[in-house]
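*Asks:* I need the structure of the sequence given here:
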Amino acid sequence: MTSRTQITAIYPGTFDPITLGHEDLMRRAAGMFERLVLAVAVGHHKKTMFTLDERLAMAQEVAASLGNVEVFAFDGLLRDFVRTHSGRVVVRGLRTGGDFEYEFQMAGMNRKLMPEVETIFLTPGEKHQYTSSTFVREIATLGGEVAEFVPPGVLARLNEKFKGN
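*Replies:* Reported below is the predicted structural model:
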């Protein structure tokens, strides 16, 4: 029997809100690594629909069924968060070719900042390939139905947020 290195992977994002595409990637990454940390960004560079506490709660609900996933907030450089949590891998999602250019550049910069950490890219299942938090927020804001894009707890929060619209 050989011993296997325990690898912690970090899956960072704003998760505003967390979608079924995020959940798909989270489940798959949780199956690949011994520990997965969902890093919910404070999002100081973005105006978020949900507060940090709301986004953390939604992420924790989605992660609850997975025994090896932990959820934390982070602010500042991803490098510092990854090192604090002993991460060896950063997980990033790619939906379309348009995502690739940005993610490739970010992975290159992360390699400069933390050469000991690898970035892996996962693509969501076909059903979630075009699901994005931005689209979900826009559809929900305009009164559209988003049940096929988000977990039930997120849908309830969106419905509450837009009750009366």
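*Asks:* so after the longest helix seen in the chain, what's the next helix or strand?
*Replies:* Across the chain, the longest stretch assigned as helix under DSSP state H is helix 97-113. Where DSSP states H and E defines the elements, the next helix or strand beyond helix 97-113 is strand 118-122.
*Asks:* okay, the helix or strand following that next one in CSV with CA atoms only?
*Replies:* The C-terminal neighbour of strand 118-122 among helices and strands, as given by DSSP H and E, is helix 133-141. Extracted in CSV, the C-alpha atoms of helix 133-141 (Å, rounded to 0.1, in the frame of the first residue of the first chain):
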residue,chain,number,x,y,z
SER,A,133,-24.1,34.3,-11.9
THR,A,134,-24.3,37.4,-14.0
PHE,A,135,-27.0,36.0,-16.2
VAL,A,136,-28.9,34.6,-13.2
ARG,A,137,-28.8,38.0,-11.5
GLU,A,138,-30.0,39.8,-14.6
ILE,A,139,-32.8,37.3,-15.3
ALA,A,140,-34.0,37.4,-11.7
THR,A,141,-33.8,41.2,-11.6
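*Asks:* now helix 133-141: buried residues?
*Replies:* In terms of neighbour count (16 or more other Cβ atoms under 10 Å), helix 133-141 has its buried residues at 133, 136-137, 140. For glycine as for every other residue, the C-beta is placed from the backbone atoms N, C-alpha and C.
*Asks:* now do stretch 75-92
*Replies:* Residues of stretch 75-92 classed as buried under the neighbour-count rule (16+ other Cβ under 10 Å) are 78-79, 81-82, 85, 87-92.
*Asks:* so of the residues you listed, which two are at opposite extremes in space?
*Replies:* 85 and 92 (16.2 Å; Cβ to Cβ).
*Asks:* need the helix or strand of this structure with the lowest average pLDDT.
*Replies:* Taking mean pLDDT, DSSP states H and E as the measure, the helices and strands of the chain show their lowest mean at helix 97-113, namely a mean of 88.
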